[in-house]
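J.: Have a look; sequence and predicted model below, questions after that.
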Amino acid sequence: MVLRTLPGVSAIADTVAHPGARRPDRSRRVDSSGVAIAVHEWGDETAPPLLLAHGGFDFAGTFDVFAPRLADGGWRVVSWDQRGHGDSDHAALYGWDADVRDAVAVIESTTASALPVMGHSKGGGLMLQLAEVVPWRLTHLVNLDGLPSRRRAPDVADHERSRLLAGELAGWLDHRRAAHAAARRPGTLDELAERRGRMNPRLTVEWLRYLVTIGARHDPDGWRWKIDPSLRFGGFGPVRPDWSLARLPGIAVPFLGVLGTVDEPMGWGTRRGDVEPHLPPGARLIEMADTGHFVHVERPIEIADLVLEFLL
Amino acid sequence: MTTDVVILRHNRVELALHRLRTGAGRTLLLLHGLGEAAPAAVPDRFAAWPGPIAALDFTGHGRSTVPAGGGYTAEMLMGDADVALGHLGEVTVHGRGLGAYVALLLAGARPTAVLGAILDDGPGLAGGGPTPASAVLVRVPADTPRPPDPFALAELARDVRPPDYATGFVRQVTHLGELDPCISVCARSRPEWLAAVAEEVGVVVEPLDAALTRYAAA
């Protein structure tokens, strides 16, 4: 059953209800140098805005439980589907600078004033860079398990390392050669939930099924994740995880960091000891016991209350 | 002189591959520098190459697509060059500036299909240095003339190139390729990544003529 459509955004597919989940109150599109970005908002339009950035391979709908708690706390919560994700355009190119540029376009479409920003995982890293490029736009910075740290790679011999990297490089290039014809594999709602569960092993089947109905589209031959099929998980490149941490000491606004403590495939395994030497003055860092990478999904009420209290 | 242009597809981008000289034998693939484009004809300095010569316009340059919204990385340009490699088969590759760095990446990623990489001076050779500089927000007015894509100029001039990342690609070639030496440094400039590459086993510093002779005979 089609429940509703939102102007400017593709049709909302059949929706599975989930306790506490609430779809955005408003959705719109923002142009970022020719790339259309889908923006979603929860809460009173006249309330003070709060920016929320999702992680890699996620989409704004993954905040459907967390964001309404913040909205009910008196905030206009503004999130967006990053380029290639959710209902935003699939771009020809993807890069960290481009994602930050898209974030600035979303901010500029929302308010002319400074606002609190928050990001989970990759979104947390993006907000760290945002704090460096437009520091006058931030009042607070919240990072949800988005602090990559230096982790030692397994000690392997040079030739073995070459073979591992060769496989990665060739695999990526082969994928790029075929990307123009790539399509996400269709499946039933349960199959897509099961596939995502391999990367999100701590999240409930009920939540994963709900996410399918937001982050996937229902084609005649089955459900397909909306994410650009040219995007590929993992990979290689010159970027070092600890470069992100190097931005931390220079943060001038109040900073709250939250770390999960249970390792899982999409997390960085960062611990308090990795982060503490880099914290800016007055920063708060909280480790959540028995919690994985998706801290705001596993503990939406606790994290939302923490953030609301931090923003007082 | 009119050259034959083949249009290749790299995901959502159409790439222009200029066939500057056709014929039998291994192709010499030319990769231009940042902001440049494929030459209109075979430059005199490559006249001695005995086989075909082709030149690629990278994404956002020359006659290739200028996509919306930027997002450039050297790795994505390696993907451009690899699409050309897929079309041409085995090649020797020559890169100027940014193209030299991409040539190194391609040689490391396809060590048995690239027989010799020649790294030469040109725009964009240094990139953004070995570690990130202060982040900046790049904005481009919509009516800025293109090509080249201003986002490419800004983002690829800041592309971080750690020396140990670059030498990792040299080791891919030396461990998995068939030639020794397999990489020639003709550039006289020495940004940190290239200084490290020039010191690696399997890399020789030599003039362009010598490099062309070496790989033509391989």
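T.: Everything's here; your move.
J.: Could you pull up the residues touching residue A:65?
T.: Shown in contact with residue A:65 (C-beta atoms under 8 Å, 6 or more residues apart in numbering or on different chains): A:18, A:20, A:21, A:22, A:297, A:300. Where C-beta positions appear, they are placed from N, C-alpha and C, glycine not excepted.
J.: Residue numbers of the stretch 1-150 of chain A in contact with chain B?
T.: Within the stretch 1-150 of chain A, the positions near chain B by C-beta under 8 Å from any C-beta of the partner chain are A:32-35, A:83, A:90-95, A:97-98, A:100-102, A:104, A:129, A:132-134.
J.: residue ranges of the helices in chain B, please?
T.: B:74-88, B:98-109, B:150-156, B:163-176, B:192-198, B:208-216 (DSSP state H).
J.: could the ones you listed go into a markdown table alongside mean neighbour count, mean pLDDT and distance to chain A?
T.: Converted to a markdown table, the helices of chain B look like this (neighbours: other C-beta atoms under 10 Å in any protein chain shown; pLDDT from 0 to 100; distance: least, C-beta to the nearest C-beta, whole Å):
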| stretch | mean neighbour count | mean pLDDT | distance to chain A |
| --- | --- | --- | --- |
| helix B:74-88 | 23 | 98 | 4 |
| helix B:98-109 | 29 | 98 | 4 |
| helix B:150-156 | 23 | 97 | 6 |
| helix B:163-176 | 20 | 96 | 4 |
| helix B:192-198 | 20 | 98 | 9 |
| helix B:208-216 | 18 | 98 | 21 |
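J.: got JSON lines for the ones you listed, with distance to residue A:205 too?
T.: Conversion of the helices of chain B to JSON lines gives the following (distance: least, C-beta to C-beta, whole Å):
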{"stretch": "helix B:74-88", "distance to residue A:205": "36"}
{"stretch": "helix B:98-109", "distance to residue A:205": "39"}
{"stretch": "helix B:150-156", "distance to residue A:205": "41"}
{"stretch": "helix B:163-176", "distance to residue A:205": "40"}
{"stretch": "helix B:192-198", "distance to residue A:205": "47"}
{"stretch": "helix B:208-216", "distance to residue A:205": "57"}
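J.: so how many other residues sit close to residue A:299?
T.: 18 (other C-beta atoms under 10 Å in any protein chain shown).
J.: For residue A:307, see how far away it is.
T.: 11 Å (C-beta to C-beta, to the nearest Å).
J.: show me where pLDDT drops low in the stretch 151-300 of chain A?
T.: For the stretch 151-300 of chain A, the stretches flagged by pLDDT under 70 are A:151-161, A:234.
J.: and with 50 instead?
T.: Along the stretch 151-300 of chain A, the parts satisfying pLDDT under 50 run over A:152-154.
J.: Which parts of it are helices?
T.: Shown for the stretch 151-300 of chain A, the helices assigned by DSSP state H, counting those that start in this stretch span residues A:158-178, A:189-199, A:205-215, A:241-245, A:272-275, A:295-298, A:300-310.
J.: what's the third one in contact with?
T.: Helix A:205-215 has contacts (C-beta under 8 Å, 6+ apart) with A:12-18, A:21, A:23, A:58-59, A:61-62, A:64, A:86, A:189-190, A:192-194, A:196-197, A:200, A:223, A:225-227, A:297.
J.: Buried among those residues? Make that a ChimeraX selection.
T.: Of the contacts of helix A:205-215, the buried ones can be selected in ChimeraX as follows, counting by 16 or more other C-beta atoms under 10 Å in any protein chain shown:
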select /A:12,13,16,18,21,23,58,59,61,62,64,86,189,192,193,196,197,200,223,225,226,227,297
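J.: Which residue, other than its chain neighbours, is closest to the residue of the stretch 201-312 of chain A at minimum distance from chain B?
T.: Among the residues of the stretch 201-312 of chain A, residue A:238 lies nearest to chain B; the distance is 4.4 Å by C-beta to the nearest C-beta. Sequence neighbours aside, residue B:165 is the residue nearest to residue A:238 in space, at 4.4 Å (criterion: C-beta to C-beta, 6 or more residues apart in numbering or on different chains).
J.: do residue B:125 as well
T.: Nearest to residue B:125 is residue B:97, by C-beta to C-beta, 6+ apart, at 4.4 Å.
J.: still on that earlier bit, among the helices of the stretch 151-300 of chain A, which is nearest residue B:14?
T.: Within the helices of the stretch 151-300 of chain A, the stretch nearest residue B:14 is helix A:158-178; the backing value is 14.4 Å (C-beta to C-beta).
J.: Just give me how far that closest one sits from the chain centre.
T.: Remark: helix A:158-178 is offset 27 Å from the chain centroid, using C-alpha atoms, centre = their mean, to the nearest Å.
J.: try stretch B:149-158
T.: With C-alpha atoms, centre = their mean, you get 15 Å for stretch B:149-158.
J.: Output that stretch as CSV, restricted to C-alpha atoms.
T.: Provided in CSV are the C-alpha atoms of stretch B:149-158 (Å, rounded to 0.1, in the frame of the first residue of the first chain):
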residue,chain,number,x,y,z
ASP,B,149,36.2,21.4,-14.4
PRO,B,150,37.1,23.9,-11.7
PHE,B,151,36.3,21.3,-9.1
ALA,B,152,38.9,19.0,-10.6
LEU,B,153,41.5,21.8,-10.5
ALA,B,154,40.7,22.5,-6.8
GLU,B,155,40.3,19.0,-5.5
LEU,B,156,43.1,17.3,-7.4
ALA,B,157,45.5,20.0,-6.5
ARG,B,158,44.8,19.1,-2.8
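J.: Identify the residues contacting it?
T.: A:33, A:95, A:97-98, B:34-35, B:58-61, B:66-67, B:69-74, B:77, B:98, B:124, B:127-128, B:133, B:136, B:138, B:140, B:144.
J.: are any of the residues of the stretch 1-150 of chain A next to chain B buried, and which?
T.: A:32-33, A:35, A:83, A:90-95, A:97-98, A:100-102, A:104, A:129, A:132-134.
J.: mind listing which of the residues you listed are in strands?
T.: Judged by DSSP state E, these include A:32, A:35 as members of strands.
J.: pLDDT weak spots in chain B?
T.: The model of chain B has pLDDT under 50 over residues B:1.
J.: So which residues of it form strands?
T.: Taking DSSP E, the strands of chain B run over residues B:4-10, B:13-21, B:27-31, B:53-56, B:91-96, B:114-120, B:183-185, B:203-205.
J.: Could I get those strands in JSON lines, plus columns for mean neighbour count and distance to residue A:274?
T.: Shown next, in JSON lines, are the strands of chain B (neighbours: other C-beta atoms under 10 Å in any protein chain shown; distance: least, C-beta to C-beta, whole Å):
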{"stretch": "strand B:4-10", "mean neighbour count": "16", "distance to residue A:274": "37"}
{"stretch": "strand B:13-21", "mean neighbour count": "20", "distance to residue A:274": "38"}
{"stretch": "strand B:27-31", "mean neighbour count": "27", "distance to residue A:274": "39"}
{"stretch": "strand B:53-56", "mean neighbour count": "26", "distance to residue A:274": "42"}
{"stretch": "strand B:91-96", "mean neighbour count": "27", "distance to residue A:274": "38"}
{"stretch": "strand B:114-120", "mean neighbour count": "27", "distance to residue A:274": "37"}
{"stretch": "strand B:183-185", "mean neighbour count": "26", "distance to residue A:274": "36"}
{"stretch": "strand B:203-205", "mean neighbour count": "18", "distance to residue A:274": "36"}
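J.: ok, now which ones touch the nearest residue to residue B:59 once chain neighbours are set aside?
T.: Nearest in space to residue B:59, with sequence neighbours left out and distances taken as C-beta to C-beta, 6+ apart, is residue B:13 at 4.9 Å. Contacts of residue B:13 were listed using C-beta under 8 Å, 6+ apart, and they are A:92, B:59, B:64, B:65, B:67, B:80.
J.: how about TSV for these, with distance to residue B:4 added?
T.: Formatted as TSV, these follow (distance: C-beta to C-beta, whole Å):
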residue	distance to residue B:4
A:92	25
B:59	21
B:64	16
B:65	19
B:67	25
B:80	19
